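Novice: Provide a 3D model corresponding to the input given below.
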Amino acid sequence: MKTRLSRPRLVLQAGAVAISLLAVGCSRAETPADSAPAGQSTDKGPAAELRLGYFPNVTHASALIGLEKGLYAKELGSTKLVPTKFNDGPTEVSAFLGGSLDAGFIGSGPAINAFAKSNGEAVRLVAGGTSGGAQLVVAADINTPEDLAGKVVVTPALGNTQDVSLKKWLVEKGLKDKVQVTNRENGQTLDAFKKGEVQAAWLPEPWASRLVLDAGAKVLLDEKELWRDGKFPTTVLLVRTQFLKDHPKTVEALLRGLLASNDYAKANAADAKAAVNKQLEALTGKGLGAKVIDRAFAAITLDPDPLASTFPQLSKDAVTAGIAQKETDLSGFVDLTALNAVLKAAGKPEANAAGLDKK
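Specialist: Model prediction:
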């Protein structure tokens, strides 16, 4: 049975959410009256509903496949699944902190930001989604990092995962004050590149592939080149902390759906691509060409392991990039209890929290 798409919910603006968060010190669903001490379960059984965030990107293929094929709904049983589309990480963070989201696929940078903004209280990293799938693509006349001097380079949103990666890389290359970095929605970036208004962009899939195949861009850097073994967390799965405490079995069901989605993609590659494309068409009004989706899928790895050991470096990168004033203390950020229970039951290797599950 396919999961019906819900209309995108209204999300509070980040500024208003931040003020509210400071005022009450917790999200709407995490008032002092019903919050348990850190790490203590308040198991209330299956949740009535689960509000799940995700992006219309190929880097969120685990979400899109599971939604299209009804794999999450199947595992959740009586729990109503409410899918909610977002276009960027910072907006999804606002939804988490405002209490209007229970779980969500999100970039690693915004995931850290959600944890930091709530003083380590509001969210927990419970699984991975995608490794890889981000590239710096440029105009034909740009051949070296130095050629970017004086050029306009685009990322999807201020403080999103690719924005942090680009700005950190520019600092390392001595180009921090020599390049104009702007933020645009991905579809706008494609149009702007075609018009010559921007000359480069650091983008997730399928947008890197669209610029290459539809707009004549070329790859200057694949972000895989910057990470050991080419692995880095492009998309991870966050869960609101109180939801995890109140409904641990619902979170396990969600994670079984995640594994089912990944297994489906591995066993049925062509149909998985078709499922992603059908979701993208429903969400954005337009699907991808076959060459674009093939290239985008070749760039990603669907992996439930969140690669927790990379997060201390990602936290440092946000400081280097000028996105954060100080490194985030990630103690307690990761909770792989539910994931490892599901992995063990499926006969798969367990994931390592890299010590980030300890307060």
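
Novice: tell me how this structure divides into domains.
Specialist: The chain is divided into the following domains under automatic domain parsing: 14-131+232-345, 134-230.

Novice: would you turn those domains into a markdown table with mean pLDDT?
Specialist: A markdown table is the format used below for the domains of the chain (pLDDT from 0 to 100):
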| stretch | mean pLDDT |
| --- | --- |
| domain 14-131+232-345 | 90 |
| domain 134-230 | 97 |
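
Novice: would you map the helices across the stretch 201-350 of the chain?
Specialist: For the stretch 201-350 of the chain, the helices identified by DSSP state H, counting those that start in this stretch occupy 207-215, 241-246, 248-267, 269-284, 290-298, 311-320, 337-345, in order along the chain.

Novice: and residue 167, which of these is closest to it?
Specialist: helix 311-320 (7.7 Å; Cβ to Cβ). Every C-beta, even on glycine, is put in place using the N, C-alpha and C of the backbone.

Novice: and that closest one, how far from the chain's centre?
Specialist: Here helix 311-320 shows a centroid-to-chain-centroid distance of 16 Å under the convention Cα atoms, centre = their mean, to the nearest Å.

Novice: swap in stretch 170-177?
Specialist: The answer for stretch 170-177 is 25 Å, by Cα atoms, centre = their mean.

Novice: please renumber so the chain begins at 11
Specialist: Sure, I'll start numbering at 11, so the last one becomes stretch 180-187.

Novice: what comes up buried for that stretch?
Specialist: 180, 185, 186 (16 or more other Cβ atoms under 10 Å).

Novice: quick check: end-to-end length of it?
Specialist: Using Cα to Cα, to the nearest Å, the end-to-end distance of stretch 180-187 comes out at 9 Å.

Novice: which other residues reach it?
Specialist: Residues outside stretch 180-187 that contact it (Cβ atoms under 8 Å, 6 or more residues apart in numbering) are 155, 156, 158, 159, 177, 189, 191, 330, 331, 332.

Novice: are any of those residues buried, and which?
Specialist: In terms of neighbour count (16+ other Cβ under 10 Å), the buried residues within the contacts of stretch 180-187 are 155, 158, 177, 189, 191, 330, 331.
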